[in-house]
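Trainee: Can you look at this prediction? I've put the sequence above it.
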Amino acid sequence: SSGAKGAGELSSCNYEARARGCRAGGRVADATRRCPELVVMPYEFEKYSAVALRVYSIMHDLTPHVMGVSVDEAYLDVTALVGDSITAREVAETLRARIFGETGCVASVGIGPNRLIARLATMRAKPDGVFQVTREDAEAYVASLPVRELPGVGRGALEKLSAELRLPNEKDVPAVACRD
C-alpha cells in the first residue's frame, strides 16, 4: 500500500472489514467509503516474514511434508502421524496451540483427503478453527457448495455456467453442476 489516504491497495483485511465488502487487492479509498472507521496499518514485511518463518519452523517440527503456498498458507501431509493414538483433528489442534503459544497468531486448519478438500475445509474453519471433511464425505461436501467457492472459479466461469444452465443468478450455480 502506498498510504492510508486512498491511493494504496489493501494487502489484507480482517473478518469485520470483509463482511462490509473490503477485500485484499482493493483500493484503500473504496474500503474507507465502505468502512469509514477502517484502520489502515502500514505493511511491515520484516515482521510478517519473521512470524511466517517461525510458523513454518513449527510446521516442519511436526512433519517434513510441508508445501508452502504463501507467507500465511501451507499444506501439511500428516498421514504418518495419524493412527490409533492420535487423530487428524488432534494433530491440527496441537499445531494451532503451538502456533498461538509461540507467535500469538491464530491459525485455521482444514483437514481433508487431498489439497482441494483441505483448502475448502479451511474456508469453513475460518476464523480460528478446525474443520474436517473425511474421504467418505468429500463428494457430498463439495456438492453442497456454491461453485463460486471453488478455488480458481472466477466471475467469467460463473457467468458461462449460469448462462449454460439458464439460471437467473450466477450465484445459484451449485458445484454439483461441474460434475461430468
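Mentor: Structure received. Residues are numbered from 1 along each chain as shown.
Trainee: Give me the residue at the spatial middle of this protein.
Mentor: Met123 (4.9 Å; Cα atoms, centre = their mean).
Trainee: Can you tell me the SS state at it?
Mentor: helix (DSSP: H, G, I helix; E, B strand; the rest coil).
Trainee: is it true that it touches Leu116?
Mentor: No. At 11.3 Å, Met123 does not count as touching Leu116 under the criterion of Cβ atoms under 8 Å. C-beta coordinates here come from the backbone N, C-alpha and C atoms, glycine included.
Trainee: What is the subsequent helix or strand relative to the longest helix anywhere in the chain?
Mentor: What stands out as the longest helix in the chain, according to DSSP state H, is helix 45-62. The C-terminal neighbour of helix 45-62 among helices and strands, as given by DSSP states H and E, is strand 66-70.
Trainee: that's a strand at Val142, yeah?
Mentor: No. Counting by three-state DSSP, Val142 is located in no strand; its state is helix.
Trainee: is it true that it touches Arg119?
Mentor: No. Under the criterion of Cβ under 8 Å, Val142 makes no contact with Arg119, lying 11.2 Å away.
Trainee: Look at those two and report which has more neighbours.
Mentor: Val142 (21 against 16; other Cβ atoms under 10 Å).
Trainee: okay, the more buried one: pLDDT?
Mentor: For Val142, the pLDDT comes out at 90.
Trainee: does Pro42 count as helix, strand or coil?
Mentor: coil.
Trainee: where does it sit relative to Arg23, distance-wise?
Mentor: 19 Å (Cβ to Cβ, to the nearest Å).
Trainee: How many residues are close by Gln133?
Mentor: Let me fix one detail, which is that residue 133 is Val and not Gln. If you count neighbours by other Cβ under 10 Å, Val133 ends up with 21.
Trainee: right, and it touches Tyr141 too?
Mentor: Yes. In this structure, Val133 is within contact of Tyr141 by Cβ under 8 Å, at 4.8 Å.
Trainee: Identify the contacts common to those two.
Mentor: Contact criterion Cβ atoms under 8 Å, 6 or more residues apart in numbering; residues shared by Val133 and Tyr141: Ile117, Leu120, Ala121.
Trainee: between the residues you listed, which is nearest Val55?
Mentor: Ala121 (18.9 Å; Cβ to Cβ).
Trainee: Need the per-residue pLDDT for that closest one.
Mentor: With respect to pLDDT, Ala121 scores 96.
Trainee: which non-adjacent residue is nearest it?
Mentor: Leaving aside its sequence neighbours, Ala121 sits nearest to Gly110 (Cβ to Cβ, 6 or more residues apart in numbering; 3.0 Å).
Trainee: That neighbour: neighbouring residues, count only.
Mentor: By other Cβ under 10 Å, neighbour count at Gly110 equals 22.
Trainee: How about Gly154?
Mentor: Neighbour number of Gly154 under other Cβ under 10 Å is 8.
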